[in-house]
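> starting from these lines, generate the structure:
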Amino acid sequence: MPDVLVTGANRGIGLEFVRQYAAEGWHVIAGCRHPDAATELQTLATSSGGRVTLHVLDVEDHATIDQVAALLAGTRLDLLINNAGSSGSPTSGRDRQAGGFGQSNFDGWLTMFRVNVMGPMKMAEAFAPHLEAAGGTVATVSSQLGSMALNTSGNVYGYRATKAGANAVTKSLAIDLAGRGIKAVTMHPGWVKTDMGGPSAPVEPSASVRGMRAIIAGLTPATSGHFFNFDGSPLPW
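Residues are numbered from 1 along each chain as shown. Below you'll find the predicted structure:
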């Protein structure tokens, strides 16, 4: 039974990753800040026959990451999915990205950098031994808004900057961890109908996750470090 660790597993894309991998017979290590309040995730774990286990894991709180890594010492981890993310605002939907030049919320920027950039880096560092044991993959959910080549509309400064940072982290991980048999990939999930994406988003979580799972399954050393859309098409940096 392969093992996958998913951050931000309590809702949206993260919950769908848990659901789909558990249905495929994987052991899913589901991490989120408040498992006791994650009712859908709890229900999924209860009905999974032991395939889903819940853990307190807050990517802003590095102590919780280290605690889970220590608890799983000796575990072969086939896949780490860095799904937890922040838009820097509690507002859901596309309006979360409002606020142009001169209206920057720098406290929100700091939250985004801690979650979107430092979080995936810390997770990779903490779980590298687990991944090395299985020749595993670090998969990070990014955004096409992190692509400088695709930026033709400006705005969304903080979110763009942090997703570009997550992409840069992934590219370096692919280079630095290749000798340990670990691959890395970053993916744009599409505009997904979640609490963050809002009800008008055109992509269902199930379709987004199916696409990203196919990318992960098809990843090779040659494509490690690349940036993909959820439909499998490559994206420019």
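
> which residues does F227 bridge with?
Per DSSP bridges, the residues bridged to F227 are T186.

> roughly how far does it sit from D66?
29 Å (C-beta to C-beta, to the nearest Å). C-beta coordinates here come from the backbone N, C-alpha and C atoms, glycine included.

> of those two, who's got more company?
When neighbours are counted by other C-beta atoms under 10 Å, F227 and D66 differ, and F227 comes out ahead with 20 against 13.

> surely the more buried one meets N167?
Yes: if you go by C-beta atoms under 8 Å, F227 and N167 touch, sitting 5.9 Å apart.

> list residues touching both of these two?
142, 147, 186, 237 (C-beta atoms under 8 Å, 6 or more residues apart in numbering).

> report the contact partners of the last one.
Shown in contact with W237 (C-beta under 8 Å, 6+ apart): 147-149, 167, 171, 227.

> any idea how far P202 is from it?
From W237 over to P202 (counting by C-beta to C-beta), the distance is 25 Å.

> state the pLDDT value of S87.
The score at S87 is 87. That number is its pLDDT.

> next up, the contacts around the residue in the chain sticking out farthest from the centre.
Ranked by distance from the centre of the chain (C-alpha atoms, centre = their mean), the top residue is G102, with 29.8 Å. G102 sits next to no residue when contact means C-beta under 8 Å, 6+ apart.

> check for me that it belongs to a strand.
No: going by DSSP: H, G, I helix; E, B strand; the rest coil, the assignment for G102 is coil, not a strand.

> any weak-confidence spans in this structure?
With pLDDT under 70 as the threshold, the chain has low-confidence stretches at 89-99.

> could you pull out the helices in it for me?
12-23, 39-46, 62-71, 106-112, 119-134, 157-176, 205-218 (DSSP state H).

> and of those, who's closest to V56?
Closest to V56 of these is helix 62-71 (C-beta to C-beta; 5.7 Å).

> list the contacts of that closest one.
Taking C-beta under 8 Å, 6+ apart as the rule, helix 62-71 contacts 5, 29, 31, 55-59, 122-123, 126-127, 130.

> so which residue is smack in the middle of the protein?
N83 (1.9 Å).

> which residues touch that one?
Counting by C-beta under 8 Å, 6+ apart, N83 touches 6-9, 13-14, 17, 141.

> so G232 touches M212, yeah?
No: using C-beta under 8 Å, G232 makes no contact with M212, being 9.3 Å away.

> T220: neighbour count?
There are 8 residues near T220, going by other C-beta under 10 Å.

> what is the neighbour count of the nearest residue to it once chain neighbours are set aside?
Nearest residue to T220, sequence neighbours excluded (C-beta to C-beta, 6 or more residues apart in numbering): K183, at 7.7 Å. Residues lying near K183 (other C-beta under 10 Å) number 24.
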